[in-house]
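build the 3D model from these lines:
(2 chains)
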There are 2 protein chains.
Amino acid sequence: MTPEQRAAEFDAADPLAAFRERFILPEGVIYLDGNSLGALPKATPETMQRVIGQEWGEGLIRSWNSAGWFAAAHRIGAKIAPLIGAGAQEVIACDSTSVNLFKLIAAALQMRPGRKVILSEPGNFPTDLYMIAGLKRQGLADRRLAARERLTQALDEDVALLLLTHVHYKTGQMHDMATLTRAAHEAGALVLWDLSHSTGAVPVDLRGADADFAVGCGYKYLCGGPGAPAFAFVADSHHSDLGQPLTGWFGHAAPFAFSDDYKAAPGIEQLLCGTSPVLGLAALEVGVDLIAEIGVTRLYQKSQALSEFFLACLAAHGIALECVSPPESTARGSQLSFRHPEAYAICQALIARGVIGDFRDPDVLRLGFAPAYLSFANIAAAARHLVEVLDGGEWQHEQFSQRAVVT
Amino acid sequence: MTPEQRAAEFDAADPLAAFRERFILPEGVIYLDGNSLGALPKATPETMQRVIGQEWGEGLIRSWNSAGWFAAAHRIGAKIAPLIGAGAQEVIACDSTSVNLFKLIAAALQMRPGRKVILSEPGNFPTDLYMIAGLKRQGLADRRLAARERLTQALDEDVALLLLTHVHYKTGQMHDMATLTRAAHEAGALVLWDLSHSTGAVPVDLRGADADFAVGCGYKYLCGGPGAPAFAFVADSHHSDLGQPLTGWFGHAAPFAFSDDYKAAPGIEQLLCGTSPVLGLAALEVGVDLIAEIGVTRLYQKSQALSEFFLACLAAHGIALECVSPPESTARGSQLSFRHPEAYAICQALIARGVIGDFRDPDVLRLGFAPAYLSFANIAAAARHLVEVLDGGEWQHEQFSQRAVVT
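So this is what the prediction gives:
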């Protein structure tokens, strides 16, 4: 049986096949970059037309109450919560992942006086590491990096916070959240999980792991649109002693009392800072609703099946590429990454064929398998394109080797 | 001549009259709250349809380059620059006003080692004061408040930064930017101007005043939509020694090198933190383009004419309300605020008549005169409604006195 024939069988049996119709996917494109920017839900343009034309245009300032704009940050957070094993009162949608990292790293430093070290691993997603730099610049933090196999030993009485990305952006490797959280707590440290490459693709159990903090991205698997608002999680046991420094008026206990003195809202709203970004939240909510409707269990099952099938297709074509993602599907997120000295040119040659993956410096071709809208036929076709690019030396064409900025 | 007859004459002679057609304004509404949320430009829905449907839906990740998403923050900043007397390289659109305040207050503290005091005035817009609280919580700042007539005397060798809102949100009083900036510099302090109630309504000359920093709001007179991204200004003389703490990947000199170490971009881009909010920026750009097309000089002339005419209408009706805004139009922003013990109920009664102003605790009725889309006929009608509400005791109806959250 050819890979294409097997794909047809898989697609016929795919319980998520019908959800593909709920997304806009351009003709002639196989989109393997939903881990960078998720596809557009079909319902989004209509929702945005209503929010812009009616809620803003007609309702004007009244819509903060009548259209639920004030409630949106909390409401969307509550919808994200079941995707990450959190309580509805523990998650809020706001700001960017980076800004939320700052709030929670700083909060952890305040909750662990006398400890200044933020422990992470080299090669963590850059913005996670960079946000420590800002606090170091303020004289409040020190950064310690340890390779993942030595993280536990690097936990000592100086560490205030263990900051890790659950699914690694480049390799797809997944950390054992429960074990590392326990080790950090035993060392007296708090834990902050970046769920950007997890949420909506792999199951996360923040409560089960006893996690303290988490952040995550709205524009990847949640399909919230480019630069969508991010989210933040704080375990409710920490709500009363949280001291995050971005103390803006939307996080105030009574923002419209217009008092001169800051008093934090009691719950997760204390993480809000400035005025909520209504348009971005509206688009995010459509994506979250759709991903929540599908459900993370089914998404994860299909995610594993898609990546396993891609590897099977490559094997069927007799292609051996160095895969830097874990070989067991249970140990990785919804992606496969391959190392090749010409990864950049290969990625460009694939894009020219309509197969959009991405390149990560210096030598990684990263292919994401967003389970909500990819078919097995897409996977078989993508594998065949990759084989043809490699076999035909197509990536050697000059046009594919000139680098531009890519995301 | 009745106020309505005079309004007709003014409207016939109004050089900005045609711009009213470039906005969506709901039937039966006179909108005097454009200083809180600007009206919807007619071009916005179509632009957003294109950005969502084509750029996101069809272009997907490629649009970061092909649709100019990466460049948007800087491009929009450069368009805002002439409205505030700044150079194109000195302004960037990003995050919220509150988050930008944090960046720049913290940067000022780093640039003035040994000084911890942030000087402001009581009753400044709450989020300006609240953002100092976060830095105080971090042990980095102290807050000092002085009434505006005593601000200059309160500048001493402990003050790192003078933080003021140019046009007061509640009273519309305008500070003398050049004089206060000079006084702060003479005391060795830096200055941060919040231009939220100025930009797009009154002329601002940051360079002329030798200002160090400024922030401002995208969703008021700039008509960028609810919760639109804000902007930040840093005088280019400070670009090389700026140390702001929100050191996210979009502010990195080479974000896609994915290095472990933060290195700030050399220019105004170092103020970026997380991934740019593409949808919010797209809507903001439409508003900025429109306001820039009208031009701030003409907007300010009409703004003054509108508020003067409103006062003349009240006088013609024999109404004497306590006005807490400066009597000279050159000393205030594009608003008039009136003090009345029943301001809340009066505001609600006006809203029931379709005249949308707002209430500010505890006793202020605030009416904004956004010059881009209000007619003089609107002003005459609003004044007549106010007179009828007051004369008829309409505000005493129970339905108008029960308070809900308002913005």
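
element containing A:T127?
According to DSSP states H and E, A:T127 maps onto helix A:126-137.

just A:A73 next, same as before
Per DSSP H and E: A:A73 is located in helix A:69-80.

other SSEs contacting the following helix or strand past that helix?
Remark: after helix A:69-80, the chain's next helix or strand is strand A:91-94, criterion DSSP H and E. The contact analysis (3 or more Cβ pairs under 8 Å, 6 or more residues apart in numbering or on different chains; DSSP states H and E) places strand A:91-94 against helix A:69-80, strand A:230-234. For the C-beta atoms, the positions are set from N, CA and C on the backbone; glycine is no exception.

what angle separates the helix or strand just after the last one from strand A:230-234?
Which is strand A:230-234. Per DSSP H and E, strand A:230-234 leads on to helix A:278-294 as the next helix or strand towards the C-terminus. Between the axes of helix A:278-294 and strand A:230-234, defined by axes from the mean of the first three to the mean of the last three Cα atoms, to 10 degrees, the angle is 70 degrees.

from the contact counts, what lies against helix A:278-294?
With 3+ Cβ pairs under 8 Å, 6+ apart as the test, helix A:278-294 has strand A:40-41, helix A:44-50, helix A:69-80, helix B:278-294 packed against it.

okay, domains of chain A per the record?
A:3-31+A:295-401, A:45-294 (automatic domain parsing).

how about these in TSV, adding mean neighbour count and distance to B:F213?
Below are the domains of chain A laid out as TSV (neighbours: other Cβ atoms under 10 Å in any protein chain shown; distance: least, Cβ to Cβ, whole Å):
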stretch	mean neighbour count	distance to B:F213
domain A:3-31+A:295-401	18	34
domain A:45-294	22	17
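
ok, longest helix in chain A?
The residue-count maximum for a helix in chain A (DSSP state H) belongs to helix A:296-316.

check contacts around the residue lying closest to A:W249 once chain neighbours are set aside.
Spatially, and ignoring its direct neighbours in sequence, A:W249 is nearest to B:T127 (3.9 Å; Cβ to Cβ, 6 or more residues apart in numbering or on different chains). Contacts for B:T127 (Cβ atoms under 8 Å, 6 or more residues apart in numbering or on different chains) come out as A:G248, A:W249, A:G274, B:T97, B:S98, B:L101.

what do you get if the cut-off is 6 Å, keeping everything else the same?
Residues in contact with B:T127 (Cβ atoms under 6 Å, 6 or more residues apart in numbering or on different chains) are A:G248, A:W249, B:S98.

cool, and A:F258?
With Cβ under 6 Å, 6+ apart, A:F258 has these contacts: B:P126, B:D361.

got the phi/psi numbers for the residue in the stretch 51-200 of chain A positioned nearest to chain B?
Per Cβ to the nearest Cβ, A:S96 is where the stretch 51-200 of chain A lies closest to chain B, at 2.5 Å. Main-chain torsions, A:S96, degrees, to the nearest 10: phi -100, psi 170.

now the stretch 151-300 of chain A against chain B: closest residue?
A:G274 (2.5 Å).

quick check on that residue: phi, psi?
Phi and psi for A:G274, reported as degrees, to the nearest 10, are phi -90, psi -170.

my read: it touches B:S96, true?
Yes: counting by Cβ atoms under 6 Å, A:G274 touches B:S96, with 2.5 Å between them.

show me what contacts A:V99?
With Cβ under 6 Å, 6+ apart, A:V99 has these contacts: B:C273, B:G274.

go with 7 Å
A:L246, B:D95, B:V99, B:L246, B:C273, B:G274 (Cβ atoms under 7 Å, 6 or more residues apart in numbering or on different chains).

picking up where we left off before, name the nearest residue to the residue of the stretch 51-200 of chain A closest to chain B, sequence neighbours excluded.
Sequence neighbours aside, B:G274 is the residue nearest to A:S96 in space, at 2.5 Å (criterion: Cβ to Cβ, 6+ apart).

contacts only, for that neighbour.
Counting by Cβ under 7 Å, 6+ apart, B:G274 touches A:S96, A:T97, A:S98, A:V99, A:T127, B:G248, B:F250.

okay, those residues in a markdown table with distance to A:L140 and pLDDT next?
Converted to a markdown table, the contacts of B:G274 look like this (distance: Cβ to Cβ, whole Å; pLDDT from 0 to 100):
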| residue | distance to A:L140 | pLDDT |
| --- | --- | --- |
| A:S96 | 20 | 98 |
| A:T97 | 20 | 98 |
| A:S98 | 17 | 98 |
| A:V99 | 16 | 98 |
| A:T127 | 18 | 97 |
| B:G248 | 17 | 98 |
| B:F250 | 22 | 98 |
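
which single one of those is nearest to A:R366?
Using Cβ to Cβ, A:T127 is the member of those that sits closest to A:R366, with 16.9 Å.

what helices and strands are in contact with the lengthiest strand in chain A?
Longest strand of chain A, by residue count under DSSP state E: strand A:159-165. Under the contact criterion of 3 or more Cβ pairs under 7 Å, 6 or more residues apart in numbering or on different chains; DSSP states H and E, strand A:159-165 touches helix A:97-111, strand A:117-120, helix A:177-186, strand A:190-194.

I figured A:G251 was touching A:S276, is that so?
No: with contact defined as Cβ atoms under 7 Å, A:G251 does not reach A:S276; the gap is 10.8 Å.

my guess is A:R366 is in a strand, correct?
Yes: counting by DSSP: H, G, I helix; E, B strand; the rest coil, A:R366 is part of a strand.

for chain B, what are the nearby residues on the stretch 201-350 of chain A?
Listed as neighbours of chain B in the stretch 201-350 of chain A under the rule Cβ under 7 Å from any Cβ of the partner chain: A:225-227, A:243, A:245-249, A:252, A:256-260, A:262, A:273-280, A:283.

quick one, what contacts A:K116?
By Cβ under 7 Å, 6+ apart, A:K116 lies in contact with A:L109, A:L140, A:A141, A:D142, A:D158, A:A160.

same check on A:Q396?
For A:Q396, the contact set (Cβ under 7 Å, 6+ apart) comprises A:A345.

what do you get if the cut-off is 10 Å, keeping everything else the same?
By Cβ atoms under 10 Å, 6 or more residues apart in numbering or on different chains, the contact set of A:Q396 is A:E342, A:A345, A:I346, A:A349, A:V389.

ok, A:T297 - contacts?
Contacts of A:T297 by Cβ under 10 Å, 6+ apart are A:P203.

distance-wise, check it relative to A:D205.
Distance, A:T297 to A:D205, by Cβ to Cβ, to the nearest Å: 12 Å.

and for A:G274 and B:S96, which residues touch both?
Going by Cβ under 10 Å, 6+ apart, residues that sit against A:G274 and also against B:S96 are A:94-95, A:99, A:246, A:248-250, B:102, B:127, B:217, B:227, B:229-230.
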